[in-house]
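Q: what follows is a predicted protein model with its sequence.
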Amino acid sequence: MLQDNQKIFVSSEIITYAIEKRRDFHQHPELGFQEKRTASIIETELKNMGFLVKSHIAETGVIGIYHSDVKGPVIMLRFDMDALPIEEENQVSFKSTNNKIMHACGHDAHMAIGLGLAKLISTQIKDIDATLKFVFQPAEEGLGGAERMIRDGALLDPKPDYCLGVHVWNEKPTNWIGITPGPMMAGAVTFKIEIQGKGGHGAIPNETRDPIIASSQIINALQTIISRNVSPLESGVVSICSIHGGNAFNVIPQKVELLGTLRYFKPEMQKVIISRFETIVKNTSLAFGCESLIEIQEITPPVINDQSVVEIILEHSRKVFPEIVFDTKYQSMGSEDYAFYLNEVPGCFIFMGAGSQTENIRFGHHHPRFEIDETVIQNSISFLYQAILSLINNQKYHTL
């Protein structure tokens, strides 16, 4: 096994294998908890590599365990599997063949990275002083996949000492890695507001209690939460993303429905935002003679990286990858259910630059023309292997 200050050479065969798998997954995307074809391929590949495989975790999840003959840490690596309900607009040879479903966030690359790393470990490295637990998770896109995996025992038998996760990131080039100690991605809350008024004729508004007027005032007032109730040194988001009310030009409707999301980095910020949110909606509705119903659902907590794990990985990675720009202050208001694993196991989440200046790789995540520079697959395999070595050798050092 390499020392943790030596760069791994990933064979061309492994790189080709991983890219082929990524393109196959991309061509056959599946939505959350429906990843049956995807899971079957992953299960077969891991078994062929000699992994102990557990399948049908949280319906379609797959866990592959690579046991070491020596006592060492248990390191978990998470790779998400699900696609999005988006019609692909790319014109590539491996374009999605499933109607209105697309890997528009990079999960196809994540699975390929996982399988490529598994092949590297099982065929090129073989002897590693750790037990590696590869977790291929369904339904990351807001459907509760991580919680289901944990509930079904993903963090047991064996229990991880560390966890690692990566996300290809089109906002940055391939010589960039984001690895931030502490909060890195936001916690996400969704909400539904129903404003109930009294409908009537659009020409006689005085006989109504107009929920549209109340809603417009609520929308404006909610924007003051971040500007007036959250410190300028903190971060938060309140976004109204959907409005539905009425269906005729001359009828004031009975009710209006608003949908949106709240984002935050710190639990105390979540409490402030939700408290002000509920107060504004309730009292503004009453001021216009309307009533309000509010539904709030937490999707994920913030992604908070363990500072010591980040420091362990960075200590040697900077020497091994001098060509890489390591960004230790990068944060995103996007959310990730990997946060649930980090709440249980020390670890970190890592953004791997996947952007390019080429014409076909300039669209962001969740866009129908999303595409990546596939160089990120090799970069991620190399970096994750280096991170594993760093964690192994740190544990050895502290147990001498």
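A: Noted; the coordinates are in hand.
Q: any weak-confidence spans in this structure?
A: Counting by pLDDT under 70, the chain has low-confidence residues at 1-6, 395-400.
Q: can I see the domain layout of it?
A: The chain is divided into the following domains under automatic domain parsing: 12-185+302-399, 187-300.
Q: include mean neighbour count when you put those into a markdown table, please.
A: In this view, the C-beta of every residue, glycine as well, is placed from N, C-alpha and C. Below are the domains of the chain laid out as a markdown table (neighbours: other CB atoms under 10 Å):
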| stretch | mean neighbour count |
| --- | --- |
| domain 12-185+302-399 | 20 |
| domain 187-300 | 17 |
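Q: can you show me the helices along the stretch 101-250 of the chain?
A: For the stretch 101-250 of the chain, helices defined by DSSP state H, counting those that start in this stretch occupy the ranges 107-119, 145-151, 211-222, 224.
Q: how distant is the first one from the center of its chain?
A: Helix 107-119 has its C-alpha centroid displaced from the chain centroid by 16 Å (CA atoms, centre = their mean, to the nearest Å).
Q: what's that helix packed up against?
A: helix 12-27, helix 36-48, strand 74-80, strand 131-137, strand 162-173, helix 375-399 (3 or more CB pairs under 8 Å, 6 or more residues apart in numbering; DSSP states H and E).
Q: for those, which one sits closest to residue 237?
A: Counting by CB to CB, residue 237 lies closest to strand 162-173 out of the helices and strands packed on helix 107-119; the figure is 16.8 Å.
Q: quick one on the thing from earlier: of all the helices and strands packed on helix 107-119, which lies closest to residue 98?
A: Nearest to residue 98 among those is helix 12-27; the distance by CB to CB comes to 8.5 Å.
Q: got the helices of the stretch 101-250 of the chain as CSV, with distance to residue 187 columns?
A: Below are those laid out as CSV (distance: least, CB to CB, whole Å):
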stretch, distance to residue 187
helix 107-119, 21
helix 145-151, 13
helix 211-222, 18
helix 224, 21
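Q: those helices: which one's closest to residue 256?
A: Closest to residue 256 of those, according to CB to CB: helix 211-222, at 4.3 Å.
Q: quick check: residue 110 touching residue 77?
A: No - applying CB atoms under 8 Å as the test, residue 110 and residue 77 come out as separate, 10.1 Å apart.
Q: could you find the closest non-adjacent residue to residue 250?
A: residue 202 (4.2 Å; CB to CB, 6 or more residues apart in numbering).
Q: end to end, how far does stretch 97-114 reach?
A: Stretch 97-114 has its terminal residues 23 Å apart, counting by CA to CA, to the nearest Å.
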